[in-house]
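Asks: Provided below for reference: sequence and predicted model.
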Amino acid sequence: MTLYRLRESVEQIAPTVVVAFDGWVDAGGVATAVAELLATDMGQLLATFDSDALFDYRARRPTLEILDGRPAELTWPAITLHRARLEDHDTLILSGHEPDFRWQELAGDLVELAQRFGVAEWISLGAIPAAVPHTRPVTLMGTQSSPGLLRGDVQPGPTGLLRVPSAAISAIDIAVAKAGIPTLGYFAQVPHYVSGPYPAASLALLQALSRHIGTEPSAVVLRREARQLRSRLDAAAAADDDTKAYVERLEAMVDESRLPSGDDLISDIERFLRDRGTEGRQRA
């Protein structure tokens with residue numbers, strides 16, 4: 001038994017797959033915002049996946065709507081596969097909540113689907129919190145199964161060996177690459193002091209993706225939201241000397257293309273968050 005059910009059978013022409021899961025490597029919902037834009041505005045539902053097998057509902061509870069005292073509707077966590085036709089290019093969007101269970105089995109099923117649809121390229125999207133200022137262009141880091149897959153000025157990284165807890169998206173990437181399908185990923189760096197959505201990073205991912213699919217989907221709403229958030233962050237920094245100084249320090253490090261030591265960064269972040277928390281309690 002597979003973990004998926006095909007809803008539509010549509011002939012594909014060497015499609016590109018775009019993958020985004022919320023959770024471990026999707027700070028601020030940056031990557032899933034891109035996937036939702038593609039799937040909602042232009043997508044045709046191709047396949048659904050077995051939520052009962054993939055999710056722990058105690059950790060990721062379905063949303064209950066109560067209407068006038070009557071339990072009316074449940075919205076369950078889900079993973080879906082949509083098809084979008086962008087110009088002359090077929091694009092498949094795999095998105096949803098990061099699964100809790102059966103990662104290896106899901107990866108095997110996705111390899112089967114990729115081979116069935118003749119997938120030419122597999123692109124994962126994500127976002128990570130980083131010591132970067134909101135006043136500079138969003139930096140993207142890349143991964144690739146072989147040299148030359150990344151486009152634009154995105155470089156694979158970080159250099160050297162890095163051991164971190166894996167996300168489901170990475171387990172799937174490795175399985176797909178082992179099946180001989182070119183895989184790559186774009187991961188946006190999000191200022192760690194920003195809580196909630198960060199549309200500027202979603203725009204950066206969308207632009208990176210457009211270099212592969214040959215067209216950039218409409219992003220009018222994302223651009224407006226990015227301008228509005230930038231204005232709010234600028235105002236917040238200008239209103240507080242400590243915040244302004246901290247952002248300026250991050251700007252200097254980015255402009256000089258250097259990073260603080262791990263211990264210095266942790267100390268700075270802890271002090272910054274502690275000061276903001278103390279200030280918040282005093283105002284409350």
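Replies: Good, I have the coordinates. Just so it is clear, the model here is predicted, and its values are computed rather than measured.

Asks: Please name the residues that touch Ala33.
Replies: Ala33 sits next to Pro197, Pro199, Ser202, Leu222 when contact means CB atoms under 8 Å, 6 or more residues apart in numbering. All C-beta atoms are positioned from the backbone trio N, CA, C, and that covers glycine.

Asks: Return the subset of those lying in helices.
Replies: Pro199, Ser202, Leu222 (DSSP state H).

Asks: Of these - the most surrounded one?
Replies: Counting neighbours by other CB atoms under 10 Å, Ser202 comes out on top of these with 30 neighbours.

Asks: Is it correct that it is in contact with Val34?
Replies: Yes - using CB atoms under 8 Å, Ser202 is in contact with Val34, at 5.3 Å.

Asks: The residue minimising distance to the centre of the chain in helix, strand or coil?
Replies: Centroid check for the chain by CA atoms, centre = their mean gives Ala31 as the closest residue, at 2.4 Å. Three-state call for Ala31 (DSSP: H, G, I helix; E, B strand; the rest coil): helix.

Asks: Arg227: neighbour count?
Replies: By other CB under 10 Å, 12 other residues sit near Arg227.

Asks: ugh, wrong one, Glu105
Replies: Counted with other CB under 10 Å, Glu105 comes out at 15.

Asks: For Glu43, report the pLDDT, please.
Replies: That one is not Glu; residue 43 is Gly. On the pLDDT scale, Gly43 is placed at 73.

Asks: any idea how far it is from Ala35?
Replies: From Gly43 over to Ala35 the distance is 9 Å, taken as CB to CB, to the nearest Å.

Asks: Between these two, which contacts overlap?
Replies: Joint contacts of Gly43 and Ala35 (CB under 8 Å, 6+ apart) are Ile93.

Asks: Which one of those two is surrounded by more residues?
Replies: Ala35 (27 against 21).

Asks: That one: what's it in contact with?
Replies: Val18, Val19, Ala20, Ile93, Leu94, Ser95, Leu125.
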